[in-house]
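> I'd like to go over a predicted model; first the sequence, then the structure.
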Amino acid sequence: MPNFSKYSYLTFKAKVSDHDSECSLSIHLSKYWPVYYSKPVRLSGPYVDAGELSGEWRKVVIPTNDLVSQELCDGVLCWPSLNDVSTLWFDSCSSALVEYPVQPVYQISNLTLTNYPPKLLSQPPTLSPTPYVTMNPSLATHRLVDCSDTNHQWYPIFESEREPDNVWLIASNNEWPKYPQTSRAVTVHVPIGQTVTYHEYNSLKYDKVIIEGTLNIKPLESDVKLTVGTLLVEKTGYLNISTSTPEPYTVTIEIDGMLNREVDPEETMVGLVSLAGSVTVSGNSIPVKWSSIALAVEAGSVSVELLGIDAATYWVVGDEIVFPDTKEGRNVAHWNFPKNEGGYVDQTELRKIAALSINDDDNTVIILDRPLLYRHAGCNVVHVTRSINFVTSHTSNDRGHIMHTGGGSFSFQNTRIENFGRTSVQLIDSTAMKDADIDLAAGLAQMNVIHQGSNQVGRYALHAHHSMVEVFFKGNAILFSPRNGIVAHNSRVHILENIVVGANGSAIFLEDSTETGPVMNNFLIGNGGGTRGGDDGRFAIKNGTDMGHGGFGIWARGGYCHIENNRAEGSFGLAPYAFFVHPNFVSDKLVPNVTGTPEFLIGKSSHQLGHELDHDLTIQSFGSFKNNSARGTWRNGLDLSYFGAPKHTLDGHILVNVELIALAQSGYGAFTIHSKVFTMRGGIISGAHIGNTITGVFCNSCDNCTLNWIEEDGADISGVGVIRGGNC
């Protein structure tokens, strides 16, 4: 929970039932370590509408100062700041003198910390609960969605009555409604009880498709295309998009829309949004997703030879492949890079396959649709064609994004997602809203904008946001995002065998330190994007909410994921791999209770786990960093920030078989800051450019210590200008 001392009031709506009339209802707070308890506050009198709780909804307003206990520790208040609150308790009734056979049952909504408290009603309560009279629900602008056990967020309300200028088509008889002759925006609503199959290919454009029943999108005997501003899957909704092998037919979801910031000030819409809905997107599997080149390919070439026959077996004419940037010798550690070299030119190239064959060496030869502009050596080419495509139209006013939150189910597999994501690497500037606090039914609110943001957080290409269910992202190809490609935020996500090309912030972003699940066998191509700045620059001023913007492959805030067998190539603004595990702003966040999560982690914060493990929490305690490789250009190959020294594990944090081959003139293999003990078990750190000045391992400040970097099992640091630098 947040630091209560930053706010003047704790407010919520409550009603209570099934309790003894003599029971005194109350709440209190507690802190896990050191163990402190706040002063209990009785839920009656000036704190509650009409002086007491009842079976009807009533507002509660408690000044946070009233919760501060007067208990002294060494002559001063033990817990005056109410920081690091672990639990808010709604108390049962107990007494040494009185037995209460019936305990209270609380119902709570709209729990908020604020500096702007709502007004309480002062009229006396009736002798029996009265019907709770609310304002007209049409005054509500937003509805509450339970994203997780600890996170609840407001999302805009869409109804036909609120959009008199739009045409709303309601699906009936399990059929997709006929498009009308109109110049007005068209919304399709698939209501509960309807199961509709869409299999058309046309240029008709829909404003929204709202799914509360079931919508299946799949080919019958031809390709399918749906052009829409927003696909919105509600809690009762099911969206299934699929293709079948060996049929050649494809599905394209083209996003073409414009944000309406009056209705949707937080810019939730435009794209695919699942609000606790059930979404399954399943394209045809691609057995071979990348292949190594046999020989360097020169600029002007129209053919490339790949090792082995796998590509010739599984790829076909018309498929698209990507060549990563392999330029050598950039001076990336220069303070003024890339201006010191006259600017940066990305040498990543995308081409179509014009012809395929197998030569006498049993290698695959590919003829390209047009010549290459740059030389490519020592790299892989990746295959990015999929049978299902999500693409932002070139005519769309705003880019699409894909997000799931809450319950339901969410699986995206073997899908191409191109030009998605709106959040950029510029400073996060999110919209702020305030509840007008008019009396509406529970779960409804009228939200007023107090600041309209210009760079809304959380609008990424493919995003699991406070998911209450296990999420699966496998085999996808994500191309060109202004910030992040794949994002797991306080969720358990399987991130497997994906290709991410040209994500300017982080190709894979593990946001909040509470993420779990495997991150394995992904291929990440950097195109030199990002701010090229480290996370410390924005960390404090943005309260830890503006991270991973520098240009990364995989960026992680915690160590609960198994990050293994990933490959990064191309040019990264800062680093292909990075951990930033500073405890501020996340040490009190709890690992969500989601199927598959290790039981020992569930419901615990990193602060709590650190104490339970006697300060011996390491990267290998619940996760791993193993068999990850990179070949390309970067400032830091492996960026490691704020790892303390484990109390008992002398090897510290173990990095297994890491391979970092730098193509630049300058920079670092591994770069550590405020970190103390690592073991590099196997693997290699090396420079490919002759005469480079790269430092193999550079240790920045480690809090008045010398970092202990241990090399075991054949670990090799060679081919660099300096083996160790800083205070290693």
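The structure has been received and is ready for your questions. Numbering: from 1, shown residues only.
> So in that sheet, which strands flank the helix or strand containing I723, and in what orientation?
Secondary structure from DSSP states H and E places I723 in strand 722-726. Neighbouring strands of strand 722-726 in its sheet, by DSSP bridges, are strand 695-699 (parallel).
> Return the set of buried residues in the strand it pairs with.
Neighbour counts over strand 695-699 (16 or more other C-beta atoms under 10 Å) mark 695-699 as buried. Heads up, the C-betas are built off the backbone N, CA and C, glycines and all.
> Assign a three-state SS to the residue positioned nearest the centre of the chain, would you?
For the chain, the residue sitting closest to the mean C-alpha position, by C-alpha atoms, centre = their mean, is V487 at 3.0 Å. Here V487 is recorded as strand under DSSP: H, G, I helix; E, B strand; the rest coil.
> For the buried residues of strand 695-699, give me CSV that also has distance to G300 and pLDDT.
Output for those, formatted as CSV (distance: C-beta to C-beta, whole Å; pLDDT from 0 to 100):
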residue, distance to G300, pLDDT
T695, 36, 97
G696, 36, 96
V697, 39, 95
F698, 39, 94
C699, 44, 90
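> so which of the residues you listed comes closest to P40?
C699 (49.3 Å; C-beta to C-beta).
> how near is the closest one to K339?
Separation of C699 from K339 (C-beta to C-beta, to the nearest Å): 28 Å.
> thinking P592 is in contact with N490, fair?
Yes - the pair P592 / N490 is scored as a contact, 6.0 Å apart, by C-beta atoms under 8 Å.
> Just the buried residues of the helix ranked longest in the chain, please?
As assigned by DSSP state H, the longest helix anywhere in the chain is helix 606-612. Residues 606-610 are the ones in helix 606-612 that count as buried (16+ other C-beta under 10 Å).
> and which of the residues you listed is nearest D639?
Nearest to D639 among the buried residues of helix 606-612, counting by C-beta to C-beta, is S606 at 19.6 Å.
> what's near enough to touch M520?
M520 makes contact with 495-497, 562-566, according to C-beta atoms under 8 Å, 6 or more residues apart in numbering.
> Now do it against S587, distance only.
27 Å.
> V697 now?
Going from V697 to S587 by C-beta to C-beta gives 28 Å.
> got any ranges where this structure has weak pLDDT?
Residue ranges of the chain with pLDDT under 70: 1-3, 19-21, 73-76, 94-101, 121-135, 148-151, 703-705.
> change it to 80
Across the chain, the ranges flagged by pLDDT under 80 are 1-6, 18-23, 32-34, 70-81, 93-102, 115-136, 146-152, 702-707, 728.
> In this structure K289 contacts F523, no?
Yes - K289 sits in contact with F523 when judged by C-beta under 8 Å, with a separation of 6.6 Å.
> intersection of neighbour lists for these two?
Both K289 and F523 are contacted by 382, 499, under the criterion C-beta under 8 Å, 6+ apart.
> ok, now which ones touch the closest residue to V263 other than its chain neighbours?
Spatial nearest neighbour of V263, excluding adjacent residues (C-beta to C-beta, 6 or more residues apart in numbering): P156 at 5.4 Å. By C-beta under 8 Å, 6+ apart, P156 lies in contact with 141-143, 263-264, 268-269.
> Buried residues, stretch 375-395. List them.
375-376, 378-393.
> That should have said stretch 188-208, apologies.
For stretch 188-208, by 16+ other C-beta under 10 Å, it's 188-190, 194, 196, 198-199, 205-208.
> what's the neighbour count on the residue lying closest to R567 once chain neighbours are set aside?
Excluding the flanking residues, the one nearest R567 by C-beta to C-beta, 6+ apart is F523, at 5.0 Å. The local packing of F523 (other C-beta atoms under 10 Å) involves 23 other residues.
> ok, now how distant is F523 from H689?
For F523 relative to H689 (C-beta to C-beta), the value is 23 Å.
> Quickly find the element holding L113.
strand 105-114.
> I'd guessed N476 sits against R416; true?
Yes - N476 lies in contact with R416 (C-beta under 8 Å); the separation is 7.2 Å.
> which of the two has more neighbours?
Neighbours per residue (other C-beta under 10 Å) separate N476 from R416, with N476 holding more: 28 against 21.
> where does that one fall, phi/psi-wise?
Torsion angles at N476 (phi, psi; degrees, to the nearest 10) stand at phi -90, psi 160.
> thinking again about what came up before, and the two most separated of the buried residues of strand 695-699?
Every pair of the buried residues of strand 695-699 checked by C-beta to C-beta; the farthest is G696 and C699, at 11.0 Å.
> For these two, list the residues in contact with both.
Shared contacts of G696 and C699 (C-beta under 8 Å, 6+ apart): R724.
> Check which element follows the strand holding L113 along the chain.
That would be, after strand 105-114 and using DSSP H and E, strand 142-146.
> tell me the SS of E267?
Here E267 is recorded as coil under three-state DSSP.
> How about R538?
With three-state DSSP as the basis, R538 sits in helix.
> what's around the closest residue to it other than its chain neighbours, how many residues?
In this structure, R538 finds its nearest non-sequential neighbour in D546, 4.4 Å apart by C-beta to C-beta, 6+ apart. Neighbour count for D546, taken as other C-beta under 10 Å: 20.
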